[in-house]
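In: What shape does this take:
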Amino acid sequence: MSCESCKCQPIKIRDAAKAARKIVGTLDPDNRETPEGIEHRATLCRECPSKVRKHGIDWCGKPFTKTDDTCGCVVWAKIRVRGEACPQGKWS
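Out: Below you'll find the predicted structure:
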């Protein structure tokens, strides 16, 4: 079943779990990117034409959908986790 307002499809449990792991990863100080690194990544993501804003959240492309150029992740979480990388190679 999809939302009536936007016709989006419900997320799969596997995809939701992946997103949750990234968000939880931002809480681990050993797994957290530096403030300078977060700001650098945020600047690049803000300017990226692949960024999608949906329901007040910035996503790397279509939410929960991996393509050759996007990963479908929540940008806020992805830029904060050390070891994550831009699927377009703009930052790592």
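In: State the phi and psi torsions of A16.
Out: For A16, the backbone dihedrals are phi -70, psi -40 (criterion: degrees, to the nearest 10).
In: Just the pLDDT for it.
Out: pLDDT, A16: 73.
In: Need phi/psi at the nearest residue to it once chain neighbours are set aside.
Out: Leaving aside its sequence neighbours, A16 sits nearest to F64 (Cβ to Cβ, 6 or more residues apart in numbering; 7.7 Å). The C-beta positions use only the backbone N, C-alpha and C, and glycine is treated the same way. The phi and psi values for F64, taken as degrees, to the nearest 10, are phi 60, psi 20.
In: neighbours around F64, how many?
Out: 20 (other Cβ atoms under 10 Å).
In: and it, how far is that from G72?
Out: 5 Å (Cβ to Cβ, to the nearest Å).
In: So what touches the host helix or strand of I38?
Out: In the assignment (DSSP states H and E), I38 maps to helix 35-47. Identification of contacts with helix 35-47 by Cβ atoms under 8 Å, 6 or more residues apart in numbering yields 33, 51, 58, 60, 75, 78-80, 82, 86, 90-91.
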